[in-house]
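Novice: Build the 3D model from these lines:
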Amino acid sequence: MSGKAELTINFIVVGGGIAGLACAIALRRVGHHVIVLEQYSDADVSKMSHGGIRLPPNVSKVLFQWGLEHELRKLSITSSAMEVEIYETGEFIGTHRWEEEVLRVTGGDFLFLHHVGLRQVLYNAAIAAGAEVRTGTTVTSVSGDGPRVTLASGETLLADVIVGADGCSSVVQQTIIGKNVSAAAPYQSLFYNTTVPGALMRADPQLAPFFKQPVETMFVWLGNNRSAVAFRMGGKDEFALHLWVPPRQKGLSDDDCWGGGLDLKEMRRQLGECEPRLLKMTKLAATPARVQVKMVPPIEDWVDEHGRMVIIGEAAHPLPAGSLQGGAMAVEDAAVFARLFSHLRDKDQISTFLHAFQDLREDRCASVVHTEQCNLYFQMMPAGPQQEQRDQEMRAKTAQGESVFGGGEASEQWEQLKELWGYDAEDEADDWWVKWGLLRERAKQRSLDMEAEMSTTRLSCLHLRA
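Specialist: This next block holds a predicted model:
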């Protein structure tokens, strides 16, 4: 359990997704008061949160440390391996087993579950921790001068700190930097997120082998400007299916669509040339969500001019849609943020802690965003000499009985993943406090002591003159 802050203050968190709820849990763990404002109703959130999510070890270990391991284990499966195929033909390229030593050192596991299941675990934990979560609540404006939040109902809420955890098109982000960064960024491809009933897959001779692997496996298809990922999820008997495909024809809307209304035929038309198993899965799939895949440039300012508002998660560092580390970065943000505010003793520290949060997270998140962009390019590499070299290297490793990530460009991708997974969010915040936070506090106290000494000296001089 984290240490409690000496001074407890009031936070308003705008956004009740993974980032917002994780932030509420983390802040309540250190004693602060939290209100979470989510614009969608519980029913709307359930519709929008369908599909699968992958939790790598760097985030599962944080959630375990928060006491959520038991609930997560009930709703997830633990993955041990990855299998790689060619998107167009289904050719088997090779496999990779997650290294037990790496997982042991990181302290987490690779978990697969439903997005709605993860959100429910976080929601329950936030409520149990004492956070107030208001759903169906639309924020119309925010200000760090107050700080205050104005709702569509006309109600105004005051707080000591406002946290923008409201996604790529964040109201808080737009207030801090003056524009919608994500909306202005072009998109290179589309991401479809859907699920396939396990019973239907097991009834098909071509799809049933997905359920008969010796260990729980994630399947990755590498294609020409296309890619797919599929994995079995815990909880409900379903397979997650993620697809990255080119944009549709000009004149057709590719706007994000989360709450249903998409035609499955649309998704199948975007598949292009693909192997028979993928085509079958899309014919059995549920109505998908569609999101534009954007490479958003880094956001320079996460903190407002008053030092009382901050953005976290996708609002601060948008990742390409479907990224492995999407949810992970949000939870890491929450862990670092709350750990810093566990040291709060005076309101004068608020601005310092908010800027320290950006300093601590900015490089890490930029590195992760870059890695996710590289991973997506690796999966969707256009046909040509580089793609052929990638595939031949992986085939050669398989022929030698080795992992497909045992050398070459693929090995570099795997080394980056291991570095990502070994990160400890709360340790980063603790290190900052020991190296800089305490130093600043001591310098501030020394300054106060010197002022007191000078005042005492001045008074003594006045008495002597008198």
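Novice: so where's this protein shaky on pLDDT?
Specialist: Applying pLDDT under 70 to the chain flags residues 1-2, 48-49, 101-102, 105, 249, 251-252, 259-261, 407-417, 438-466.
Novice: got a list of what residue 30 touches?
Specialist: 2, 3, 4, 5, 338, 339, 341, 342 (Cβ atoms under 8 Å, 6 or more residues apart in numbering). All C-beta atoms are positioned from the backbone trio N, CA, C, and that covers glycine.
Novice: mind putting these in TSV, distance to residue 421, neighbour count and secondary structure included?
Specialist: Converted to TSV, these look like this (distance: Cβ to Cβ, whole Å; neighbours: other Cβ atoms under 10 Å; DSSP: H, G, I helix; E, B strand; the rest coil):
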residue	distance to residue 421	neighbour count	secondary structure
2	22	19	coil
3	26	11	coil
4	30	12	coil
5	29	19	coil
338	21	28	helix
339	19	25	helix
341	26	26	helix
342	25	22	coil
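Novice: Now do the buried residues in the helix or strand containing residue 119.
Specialist: Per DSSP states H and E: residue 119 is located in helix 115-129. Across helix 115-129, burial judged by 16 or more other Cβ atoms under 10 Å covers 115-123, 125-127, 129.
Novice: With stretch 149-165 instead?
Specialist: For stretch 149-165, by 16+ other Cβ under 10 Å, it's 149, 151, 157, 159, 160, 161, 162, 163, 164, 165.
Novice: Pull up the gap between the second one and residue 137, please.
Specialist: Read that as residue 151. 6 Å (Cβ to Cβ, to the nearest Å).
Novice: Can I take it that residue 191 is in a strand?
Specialist: Yes: Residue 191: assigned to a strand according to DSSP: H, G, I helix; E, B strand; the rest coil.
Novice: Wait, it touches residue 247, no?
Specialist: No: using Cβ atoms under 8 Å, residue 191 is not in contact with residue 247, being 11.1 Å away.
Novice: residue boundaries of the helices in the stretch 151-300 of the chain?
Specialist: Using DSSP state H, counting those that start in this stretch, the helices assigned to the stretch 151-300 of the chain run over residues 171-177, 181-184, 198-202, 264-269, 276-284.
Novice: which residues in the stretch 51-200 of the chain form strands?
Specialist: All strands of the stretch 51-200 of the chain, identified by DSSP state E, counting those that start in this stretch, fall at 52-55, 77-78, 81-86, 92-97, 111-114, 132-134, 139-143, 148-151, 156-158, 161-164, 187-197.
Novice: Name the stretch among the ones you listed that sits most buried.
Specialist: Scoring those by mean neighbour count under mean count of other Cβ atoms under 10 Å gives strand 161-164 as the most buried, with a mean of 28.
Novice: returning to what we had before: overlap in contacts, residue 151 and residue 137.
Specialist: Contact criterion Cβ under 8 Å, 6+ apart; residues shared by residue 151 and residue 137: residue 37.
Novice: just to revisit the earlier point, which member of the buried residues of stretch 149-165 is positioned nearest residue 316?
Specialist: residue 164 (7.9 Å; Cβ to Cβ).
Novice: Contact partners for residue 327?
Specialist: Contacts of residue 327 by Cβ under 8 Å, 6+ apart are 18, 53, 55, 59, 118.
Novice: Enumerate the beta-bridge partners assigned to the closest residue to residue 232 other than its chain neighbours.
Specialist: Nearest non-adjacent residue to residue 232, counting by Cβ to Cβ, 6 or more residues apart in numbering: residue 239, 5.5 Å away. Taking DSSP bridges as the rule, residue 239 bridges to residue 196, residue 232.
Novice: Could you do residue 291 as well?
Specialist: Per DSSP bridges, the residues bridged to residue 291 are residue 191.
Novice: neighbours around it, how many?
Specialist: Neighbours of residue 291 under the rule other Cβ atoms under 10 Å: 20.
Novice: ok, now how distant is it from residue 401?
Specialist: Counting by Cβ to Cβ, the gap from residue 291 to residue 401 is 39 Å.
Novice: dump the residue contacts of the nearest residue to residue 38 once chain neighbours are set aside.
Specialist: Of all residues beyond its chain neighbours, the one nearest residue 38 is residue 16 (2.8 Å), with distances taken as Cβ to Cβ, 6+ apart. Neighbouring residues of residue 16 by Cβ under 8 Å, 6+ apart: 36, 37, 38, 40, 45, 123, 133, 135.
Novice: 7 Å - rerun?
Specialist: Contacts for residue 16 were tallied using Cβ atoms under 7 Å, 6 or more residues apart in numbering; they are 36, 38, 133, 135.
Novice: Just say helix, strand or coil for it.
Specialist: Going by three-state DSSP: residue 16 is coil.
Novice: Also the one 4 residues further on?
Specialist: In the three-state summary, residue 20 is assigned as helix, counting by three-state DSSP.
Novice: That one: neighbour count?
Specialist: Here the count is done by other Cβ under 10 Å, and residue 20 has 31 residues near it.
Novice: tell me the angle of the lengthiest helix in the chain relative to strand 81-86?
Specialist: As assigned by DSSP state H, the longest helix anywhere in the chain is helix 349-379. With axes from the mean of the first three to the mean of the last three Cα atoms, to 10 degrees defining the directions, helix 349-379 sits at 50 degrees from strand 81-86.
Novice: Please export the C-alpha coordinates of the helix or strand immediately after helix 349-379 in the chain as CSV.
Specialist: As assigned by DSSP H and E, the chain's next helix or strand after helix 349-379 is helix 385-399. What follows is helix 385-399, C-alpha atoms only, in CSV (Å, rounded to 0.1, in the frame of the first residue of the first chain):
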residue,chain,number,x,y,z
PRO,A,385,13.0,-6.2,-50.5
GLN,A,386,12.7,-5.2,-46.9
GLN,A,387,9.5,-7.3,-46.4
GLU,A,388,11.2,-10.2,-48.1
GLN,A,389,14.2,-9.9,-45.9
ARG,A,390,12.0,-9.8,-42.8
ASP,A,391,10.2,-13.0,-43.8
GLN,A,392,13.3,-14.9,-44.9
GLU,A,393,15.0,-14.1,-41.6
MET,A,394,12.1,-15.4,-39.6
ARG,A,395,11.7,-18.5,-41.8
ALA,A,396,15.4,-19.3,-41.3
LYS,A,397,15.1,-19.0,-37.5
THR,A,398,12.2,-21.4,-37.6
ALA,A,399,14.1,-23.9,-39.7
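Novice: Please identify the buried residues of helix 385-399?
Specialist: Buried residues in helix 385-399, counted by 16+ other Cβ under 10 Å: 387, 390, 391, 393, 394, 397, 398.
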